[in-house]
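Chemist: Return a 3D structure for these sequence lines:
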Amino acid sequence: MKLNIADNKGTGMVKQFEITDEQLRRVPLTDYQLGSEIDGGVFGDQFKGYIFRLRGGSDKDGFPMVPGVLVPSRVSLLVKRGAIGFNTFRGRNGERRRKNVRGAIVAGDIALLNVTISKKGDNEIEGLTDTVAAKRLGPKRAGKIRKLFNLGRDADLSKVVVRRRVTKEGKKDRLKSPKIQRLITPKIKARRAKKATLMIAKVRKSAEERRAYLKTVAAERRSRRQRYHAKSHNKKVALQNAEVKAMQH
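Modeler: Numbers count the residues shown, from 1 in each chain. Okay, here's the model as predicted:
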């Protein structure tokens, strides 16, 4: 079995080790599942004192392990696009497919395990904990760049952003810099001001249309009341005239 160990909190290095079957027979692997912590001494004497957290893995046929599926075997699940076993670029938005995946419980058919170091032991692991991974790239977000160089809001970040040198055979070396994210430029300010102006104009227009509508409704109701009162008055006058004529006869 192959073991991928990552030191995320320390050096940032990742290294793969080959674990013999003889070493694995000494420990009941079915007692562990993804998310649980395991003593590093299970995988060899060089990992004594280390505590690993199981993060993922795959079986001998390459089917990935899925957290939450509490079985030590392969199962067929209906998974959504972007889930483990169903790549995002292979489906449409909202699509689901039935895929074969591996359960989260470790068993003898597991060919690869991915673990991270939760607790470091006394001895260094060659190529993993004794070496620090060099950071090729700097921060891209404007807030993180200001925090890194202790700059103010008005500083020109394009002059301090971390650049890397690109070397190609037969061409002159050049410096490549990332596009700064969440940077408020005059163009963005103008766009936001225009958007706010349009929203205010829309609200004012809606208020004017509402006032005009209410005014029309009030006029219609007033006209209806006037017609009702006029009709009632005419009817009352007609009844009075009829009574007068009846008395005269």
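Chemist: so residue 171 sits in a strand?
Modeler: No. Counting by DSSP: H, G, I helix; E, B strand; the rest coil, residue 171 is located in no strand; its state is coil.
Chemist: from now on call the first residue 34
Modeler: Yes, from this point I'll number from 34; that puts the last item at residue 204.
Chemist: Next, give phi and psi for it.
Modeler: Residue 204 has phi and psi values of phi -130, psi 160 when expressed as degrees, to the nearest 10.
Chemist: Now do the same for it: its pLDDT.
Modeler: Note for residue 204: predicted pLDDT of 91.
Chemist: ok, now which ones touch it?
Modeler: Counting by CB atoms under 8 Å, 6 or more residues apart in numbering, residue 204 touches no other residue. In short, each C-beta sits where N, CA and C put it, glycine included.
Chemist: measure it to residue 128 for me?
Modeler: 43 Å (CB to CB, to the nearest Å).
Chemist: Kindly report the same for residue 195.
Modeler: Per CB to CB, residue 195 is found 39 Å from residue 128.
Chemist: contacting residues for residue 240?
Modeler: Contacts of residue 240 by CB under 8 Å, 6+ apart: none found.
Chemist: between residue 195 and residue 128, who's got more neighbours?
Modeler: Neighbours per residue (other CB atoms under 10 Å) separate residue 195 from residue 128, with residue 195 holding more: 15 against 11.
Chemist: what's the single longest helix in this structure?
Modeler: In the chain, taking DSSP state H as the definition, the longest helix is helix 219-281.
Chemist: Run through the helices of the protein in chain order.
Modeler: So, for the chain - with DSSP H - the helices run 54-57, 175-182, 219-281.
Chemist: Can you get me a residue count around residue 160?
Modeler: Neighbour count for residue 160, taken as other CB under 10 Å: 13.
Chemist: you'd agree it is up against residue 48?
Modeler: Yes. Counting by CB atoms under 8 Å, residue 160 does reach residue 48; the two are 5.1 Å apart.
Chemist: Contact partners for the residue sitting nearest the centre point of the chain?
Modeler: Residue closest to the average C-alpha location in the chain (CA atoms, centre = their mean): residue 115, at 11.7 Å. Taking CB under 8 Å, 6+ apart, we find residue 115 in contact with residue 121.
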